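A.B. asks: structure here, sequence nowhere to be found:
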């Protein structure tokens, strides 16, 4: 951790000055003082910095500002206050046992601090204790002293990312020519030397950004979502190495490394956490279930857009509702329209990060880092792998000699194939005629087949209707006791089938018993078997058994006419049973 204002820089032009001043004001939590233009509700630097009460009504902010007292933490000699944000205050100190410089973050309000702030500080300690990477500021110590929760971090001598970019913009000749809205004539007069300087500056910034993404991917792999990626939370040291700060708002995703802690309960629906200007659409919608690794990817996209153009992708000035509406719906202005040095590939990477739908973004910071590295190395980027011509173009640029030889071979082959082409055209004409004749023949055959199919269907329907009528005739004669006519109706089934009806009629005529019926009846005729068993019980005046079997027919698969017959018989049987009971009551 370091003091972002320790190395002041001079900007080039009013635009750069405004960018730097706004970034520093954001980092220090000052805001503009206007409730309409300063978004309310941010849980980090955008919160009010009104001091919270501490021992004897003396605030930690007031004591630090007066310089008369620092938090009393054994083993640490406090030097100065570095910054104060929504979560707490950060001090530079010396660890007495090792004599090294450290940064100490103390939660605001001491013993009276809000429980949620305590939980978030503890979460930041736990997260940093598990993340090990040169570009993630490491944890040194933590504890409670004088009623204040605190943790100690490595001290990084450097400046915030936005200050670092502003310095490069002001010192790069090629960059400063396009830093604002310079006219096209000014840009067209840039010398080759200026263009080279600009390319080098762009390469340097993208390298830093790739390292930032790779460091964040270490957290992503462990199921940790930062949720507050912005330039003020990234320090760049004197060697040009980025360092990520402040995991106090981190979210532990399902399967993360801290399943024993109920950190997921710290974010509830309707609560906004993060810094609004860099927030993703799903953060603005305040739906914790929609937050995942791609949320950090969106914030990284906003940071990259700023680094390349010096602007936000959409307006972030106005009321909170206006800013949130822009985040949710406004289409980002294409970076190359602001800065011509941003080519199509780099613009594709940036816009993929800023997709409103998470599914269209990179899956993690690691995937984004791979594409940035590919771009820097001149390799194809994954965001355009669906274009075959794009892949060929990239290969041709990287392998010019081989591409020249390949092109020569292609020209020779094309010349040789010209004669073959015209011969093939003649043969093609003849084949077209033959194919037309074949199509006509196929069409005629298809028409005949369709006619035959329709005729077969009509015949099948007629046979089914005849089968239905004959079986219902048999049942009618059987119920009436006309056995000779019932035998006549069953004779066709015995002679020609189907087997199911032949077995059913044989059972009702007493030619086979119930066990034989169950054995020889086809399995697909379960409905018919149940119906004839019901008819048999009904004929034997076993009304209850018959009623149960008729009722079972409702749920069995089979022809609708059989179900209708079963339903009709069930109704008749119910009337018959009711009349019998009535007669018994009258006799009594």
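C.D. replies: Perfect, I can see it now. What you see is a predicted model; the values in this text were computed from it and never measured. Numbers count the residues shown, from 1 in each chain.
A.B. asks: avg pLDDT for stretch 512-522?
C.D. replies: Rounded to a whole number, the mean pLDDT of stretch 512-522 is 87.
A.B. asks: actually, stretch 425-436.
C.D. replies: On average, stretch 425-436 scores 85.
A.B. asks: contacts for it?
C.D. replies: Taking contacts as C-beta atoms under 8 Å, 6 or more residues apart in numbering, no residue outside stretch 425-436 touches it. To be clear about C-beta, it is placed using only N, CA and C from the backbone, and glycine gets the same treatment.
A.B. asks: show me the shaky parts of the protein.
C.D. replies: 1-69, 85-87, 108-114, 116-118, 120-121, 172-191, 255-271, 384-399, 577-588 (pLDDT under 70).
A.B. asks: and it, what are its domains?
C.D. replies: 14-396, 470-587 (automatic domain parsing).
A.B. asks: any idea which of the ones you listed is most buried?
C.D. replies: Mean neighbour count, computed with mean count of other C-beta atoms under 10 Å, is highest for domain 14-396 among those, reaching a mean of 18.
A.B. asks: element containing residue 243, please.
C.D. replies: strand 242-244 (DSSP states H and E).
A.B. asks: need the next SSE after that strand, C-terminal direction.
C.D. replies: strand 251-252.
A.B. asks: that following strand - contacts with which helices or strands?
C.D. replies: In terms of contacts (3 or more C-beta pairs under 8 Å, 6 or more residues apart in numbering; DSSP states H and E), strand 251-252 is packed against strand 224-225.
A.B. asks: thinking again about what came up before, JSON lines for the domains of the chain, including distance to residue 421?
C.D. replies: Compiled in JSON lines, these are given as follows (distance: least, C-beta to C-beta, whole Å):
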{"stretch": "domain 14-396", "distance to residue 421": "23"}
{"stretch": "domain 470-587", "distance to residue 421": "61"}
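A.B. asks: got a list of what the closest residue to residue 367 other than its chain neighbours touches?
C.D. replies: Take residue 367 and drop its neighbours on the chain: the residue closest to it by C-beta to C-beta, 6 or more residues apart in numbering is residue 382, 7.2 Å away. Listed by C-beta under 8 Å, 6+ apart, the contact set of residue 382 reads 367, 370, 371, 374.
A.B. asks: residue 382 and residue 471, how far apart?
C.D. replies: 68 Å (C-beta to C-beta, to the nearest Å).
A.B. asks: repeat that for residue 72.
C.D. replies: 101 Å.
A.B. asks: check residue 380 too.
C.D. replies: Taken as C-beta to C-beta, the span from residue 380 to residue 471 is 73 Å.
A.B. asks: ditto for residue 525
C.D. replies: Distance of residue 525 to residue 471, given as C-beta to C-beta: 12 Å.
A.B. asks: which neighbours do those two share?
C.D. replies: Taking C-beta under 8 Å, 6+ apart as the criterion, residue 525 and residue 471 both touch residue 504.
A.B. asks: three-state assignment of the closest residue to residue 76 other than its chain neighbours?
C.D. replies: In this structure, residue 76 finds its nearest non-sequential neighbour in residue 93, 4.5 Å apart by C-beta to C-beta, 6+ apart. The three-state assignment at residue 93 reads strand, by DSSP: H, G, I helix; E, B strand; the rest coil.
A.B. asks: same question for residue 541.
C.D. replies: coil.
A.B. asks: for it, phi and psi?
C.D. replies: Reported as degrees, to the nearest 10, the phi and psi values for residue 541 are phi 60, psi 30.
A.B. asks: could you check how far it is from residue 513?
C.D. replies: Distance from residue 541 to residue 513, by C-beta to C-beta: 19 Å.
A.B. asks: likewise residue 216?
C.D. replies: Residue 216 sits at a distance of 81 Å from residue 513 (criterion: C-beta to C-beta).
A.B. asks: how near is the most centrally placed residue in the chain to residue 163?
C.D. replies: The centroid of the chain falls nearest to residue 359 when counting by C-alpha atoms, centre = their mean (4.1 Å). Distance of residue 359 to residue 163, given as C-beta to C-beta: 35 Å.
A.B. asks: wait, what's in contact with residue 98?
C.D. replies: Applying C-beta under 8 Å, 6+ apart to residue 98 gives no contacts.
A.B. asks: which SS class is it?
C.D. replies: coil.
A.B. asks: next one: the helix or strand hosting residue 487 to chain centre, how far?
C.D. replies: Element membership of residue 487 [criterion: DSSP H and E] is helix 483-496. Distance of helix 483-496 from its chain centroid, counting by C-alpha atoms, centre = their mean, to the nearest Å, is 69 Å.
A.B. asks: which strand or helix spans the closest residue in space to residue 498 that isn't next to it in sequence?
C.D. replies: Sequence neighbours aside, residue 467 is the residue nearest to residue 498 in space, at 6.9 Å (criterion: C-beta to C-beta, 6+ apart). With elements taken from DSSP H and E, the one containing residue 467 is helix 400-480.
A.B. asks: rewinding a little: packing partners for the strand holding residue 243?
C.D. replies: Using 3+ C-beta pairs under 8 Å, 6+ apart, strand 242-244 sits against helix 192-221, strand 234-237.
A.B. asks: in its sheet, what does the last one sit against?
C.D. replies: Put plainly, it is strand 234-237. strand 158-160 (antiparallel), strand 242-244 (antiparallel) (DSSP bridges).
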